[in-house]
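**Student:** Sequence plus predicted model, see below.
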Amino acid sequence: MGIFRKRPIRYPLLVLFLLGIVAATLIMMWNVWIGIVFVLVYAVAMYYTLRVELVTYLETEKHIEELSFRMKNVGEEAFLEMPFGILILNDDFSIEWANPFMQRILQQESLVGHELFGISETLHTLVMQGKKEEMAIALFDRKYNVYYKKEEKILYFFDVTKQVQIEKQYLADRTVLAIIFIDNYDELTSGMDDQARSLTNTMVTSIINEWAAQYDIFVKRFASDRYIAVFNDAILAEFEQKRFSILDVVRERTAQKNLSLTLSIGVGAGSQSLVELGQLAQSGLDLVLGRGGDQVAIKQSNGKIRFYGGKTNPVEKRTRVRARVISHALSDLIQDSDRVFVMGHKNPDMDSIGACVGVRKMVAMNGIEGDIIVNFDEVHGSVDRLMNELEAKTDFYDRFITPDDALSKITAKSLVIIVDTHKPSLVVDSRLLSKTDKVVVIDHHRRGEEFITNPTLVYMEPYASSTAELVTELLEYQPQNEKLVPLEATALLSGIIVDTKSFTLRTGARTFEAASYLRTFGADTVLIQRLLKEDVDTYVTRSKIIQTVEFPYKEIAVAHGENSKVYDSVLIAQTADILLTMKDIGASFVIAHRSDGLIGISARSLGEVNVQLIMEQLGGGGHLTNAATQIAASSIDEAKQHLYEAITEIVEGSNQS
């Protein structure tokens with residue numbers, strides 16, 4: 001019975017014992033002697049079975065006790081000696097207990113009773129908020145991943161300093177590819193003799209090689225005006241900190257030799273694939289050249305782009321070859337279409353409408369039907385007066401249609417031509433872009449990140465004064481079976497005059513040639529002056545805006561409208577232009593509410609300040625000397641604060657470089 005007292009009999013053994021008694025009883029009834037033998041044998045078998053069961057049980061129990069003891073010791077050792085920190089907090093979020101490793105981390109003999117705030121403000125804030133269960137913090141120059149068990153109020157600290165260092169080193173060592181292009185090299189050297197060309201080549205090569213040696217990067221020339229450079233992210237970060245000073249070095253040293261050479265650099269970064277890096281670098285270079293050159297575009301694999309430089313105006317091209325090639329290609333596209341739709345940007349100005357009129361004429365010259373898409377609710381001021389003249393004196397005014405009319409007429413074979421913008425968010429109606437695969441972009445603005453997807457043909461020349469100038473050049477190479485009528489020529493010339501501020505800004509030889517061409521077709525400068533006239537109320541309103549002028553930096557003027565008043569976008573731009581004509585002002589910014597609920601900012605510059613980069617910081621764009629943006633801000637003061645931050649970033653960064 002002592003055996004049975006060691007532990008309870010298991011249910012299967014009890015059943016077997018009862019079955020044995022029943023069997024013995026039946027056998028005894030049949031034969032007593034055989035029953036006695038069965039009972040003895042059965043009793044011995046049951047004894048040994050119970051014995052084995054008991055021994056196994058005792059050995060298992062002993063093993064479990066030993067294992068539990070060892071696990072308890074290991075747990076205590078881990079709790080006290082393993083290299084991770086543990087903090088237990090009380091209900092007041094003060095430290096109730098800390099293991100020795102945590103005491104060593106914080107260099108304290110005892111942490112009990114200390115406030116969590118005294119260890120780390122960030123840690124205290126996160127624990128109090130209780131929104132995160134995992135966080136990363138820095139303590140005494142080391143990095144820790146902290147896990148917080150909210151219910152138990154326990155913090156676990158794991159030292160990840162080496163891991164962070166390895167990750168940082170890995171990121172710093174990632175390969176970066178750059179393609180360097182010498183702007184205007186072929187054009188500049190084409191007229192030189194062999195000796196002058198050799199000296200120019202040697203000078204540029206030595207500047208780039210000195211730069212490469214200084215930063216320990218590999219540079220290889222693979223064309224007369226192109227280099228490829230290989231370096232890493234750490235060197236790229238240094239270049240960005242110095243805002244790619246190589247651009248300034250090349251510009252200044254070549255200027256000393258009376259050469260207008262600058263660099264355009266496309267950088268591919270953020271990818272492990274060399275093929276993708278090369279594609280990103282080439283794409284970045286294309287973007288830079290589309291913005292006028294003399295700058296750097298860093299293109300990441302995640303799609304993000306950063307720009308540096310852009311301190312000079314793009315140099316005017318000296319050949320009409322590109323204009324002729326584009327004109328012929330455009331003519332082929334027009335003739336291959338069943339209908340052509342032309343549209344500019346929202347809230348059209350004279351350049352946008354004038355360019356639309358010129359392109360529609362181009363379409364008519366090719367014998368195809370063409371329509372100009374206009375939102376008539378957005379037509380105001382001088383543009384409205386021009387539209388009235390077109391309605392009264394031409395027979396094509398019915399070619400101005402609304403976006404809804406265009407959507408009902410457009411087919412997959414139609415051609416859409418976008419003028420004076422390249423951003424889908426700014427066109428009159430972006431729905432038309434998805435109705436056909438044939439889209440052409442004609443623009444004079446520097447290319448921004450946002451761009452119309454997969455256009456069939458792109459003609460972007462940032463050197464041009466206006467889109468009207470580009471369209472005028474294209475018209476010269478179109479079939480001459482239809483001539484420009486005087487009012488069409490006037491519309492194009494008005495776009496040039498407005499964008500050049502009467503031939504005072506961004507005006508090159510090609511600008512005067514285009515104006516001369518338009519004058520031969522009867523462009524009326526007197527009518528343009530009448531169209532551009534303003535009323536007294538507009539003059540007074542603009543004067544009130546100018547009275548608010550402030551100077552956040554020397555020669556940088558910022559003025560703004562009233563919070564409770566909506567202003568016409570043209571008036572905002574005109575006010576910025578007038579500020580720029582005043583003494584000691586090199587850049588002007590005007591902020592005011594627009595009719596679309598956004599706050600508009602118009603920016604102008606004489607060239608020392610790149611207002612395009614400032615506007616791009618706020619989601620806009622434009623030229624080095626002429627740019628704008630629209631932002632969703634609750635008040636003029638909020639918009640002004642955003643503008644000041646963008647000005648500071650660009651101006652201070654430019655000063656550092």
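**Tutor:** Now that the structure is in, tell me what you want to look at.
**Student:** which residues in the stretch 51-200 of the chain form helices?
**Tutor:** 100-106, 121-129, 161-172, 185-189, 194-215 (DSSP state H, counting those that start in this stretch).
**Student:** buried set for the second one?
**Tutor:** Looking back up the chat, that one is helix 121-129. Buried residues in helix 121-129, counted by 16 or more other CB atoms under 10 Å: 123, 126-127. C-beta: built from backbone N, CA, C; applies to glycine.
**Student:** again with the shortest one
**Tutor:** Applying a neighbour-count criterion of 16+ other CB under 10 Å, the buried positions in helix 185-189 are 185, 188-189.
**Student:** Please apply the same query to the first one.
**Tutor:** Buried residues in helix 100-106, counting neighbours by 16+ other CB under 10 Å, are found at 101-102, 105-106.
**Student:** Over to the last one?
**Tutor:** Residues of helix 194-215 classed as buried: 197, 200-201, 203-204, 207-208, 211-212 (neighbour count, 16+ other CB under 10 Å).
**Student:** which helices and strands sit right next to it?
**Tutor:** For helix 194-215, the packing partners by 3 or more CB pairs under 8 Å, 6 or more residues apart in numbering; DSSP states H and E come out as helix 185-189, strand 218-223, strand 226-232, helix 233-241, helix 246-255.
**Student:** So, low pLDDT: which residues of this protein?
**Tutor:** Within the chain, the set of residues satisfying pLDDT under 70 comprises 1-14, 16-17, 67-82, 107, 122, 129-132, 290, 292, 311-319, 653-657.
**Student:** What lies in contact with stretch 396-403?
**Tutor:** Identification of contacts with stretch 396-403 by CB atoms under 8 Å, 6 or more residues apart in numbering yields 360, 364, 370-376, 387, 390-391, 409, 428-429, 431-432.
**Student:** buried sites along that stretch?
**Tutor:** Residues of stretch 396-403 classed as buried: 396, 399-403 (neighbour count, 16+ other CB under 10 Å).
**Student:** And for stretch 235-244?
**Tutor:** Buried positions in stretch 235-244, judged by neighbour count with 16+ other CB under 10 Å: 235-236, 239, 243-244.
**Student:** now that stretch: how far from the chain's centre is it?
**Tutor:** Taking CA atoms, centre = their mean, to the nearest Å, one finds the center of stretch 235-244 at 18 Å from the center of the full chain.
**Student:** what's the answer for stretch 520-529, then?
**Tutor:** Centre-to-centre, stretch 520-529 and its host chain are 43 Å apart (CA atoms, centre = their mean).
**Student:** Can you add distance to residue 149 and give the helices of the stretch 51-200 of the chain back as JSON lines?
**Tutor:** What follows is these, written out as JSON lines (distance: least, CB to CB, whole Å):
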{"stretch": "helix 100-106", "distance to residue 149": "15"}
{"stretch": "helix 121-129", "distance to residue 149": "11"}
{"stretch": "helix 161-172", "distance to residue 149": "22"}
{"stretch": "helix 185-189", "distance to residue 149": "65"}
{"stretch": "helix 194-215", "distance to residue 149": "48"}
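**Student:** Going by distance to residue 449, which of the buried residues of helix 185-189 wins?
**Tutor:** Distances from residue 449 to the buried residues of helix 185-189, taken as CB to CB, are shortest for residue 185 (27.0 Å).
**Student:** what about the closest one, distance to residue 508?
**Tutor:** To residue 508, residue 185 is 20 Å away according to CB to CB, to the nearest Å.
**Student:** and residue 410, backbone torsions?
**Tutor:** Torsion angles at residue 410 (phi, psi; degrees, to the nearest 10) stand at phi -70, psi 150.
**Student:** now it, nearest residue through space, not along the chain?
**Tutor:** Leaving aside its sequence neighbours, residue 410 sits nearest to residue 435 (CB to CB, 6 or more residues apart in numbering; 4.7 Å).
**Student:** My read is that that neighbour contacts residue 413, right?
**Tutor:** No - taking contacts as CB atoms under 8 Å, residue 435 lies outside contact range of residue 413: 10.6 Å.
**Student:** Grab the CA positions of stretch 485-493 and hand them over as PDB.
**Tutor:** This file holds the C-alpha atoms of stretch 485-493, laid out as PDB (Å, rounded to 0.1, in the frame of the first residue of the first chain):
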ATOM      1  CA  VAL A 485      -3.500  87.800 -89.500                       C
ATOM      2  CA  PRO A 486      -2.500  91.000 -87.700                       C
ATOM      3  CA  LEU A 487      -4.500  90.200 -84.500                       C
ATOM      4  CA  GLU A 488      -2.900  86.700 -84.200                       C
ATOM      5  CA  ALA A 489       0.500  88.400 -84.600                       C
ATOM      6  CA  THR A 490      -0.500  90.900 -82.000                       C
ATOM      7  CA  ALA A 491      -1.600  88.200 -79.500                       C
ATOM      8  CA  LEU A 492       1.800  86.500 -79.900                       C
ATOM      9  CA  LEU A 493       3.700  89.800 -79.500                       C
END
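**Student:** Name the residues that touch it?
**Tutor:** Applying CB under 8 Å, 6+ apart, the contact partners of stretch 485-493 are 350, 353-355, 357-358, 361, 386, 389-390, 393-394, 468, 471-472, 484, 515, 518-519, 521-525, 527-528.
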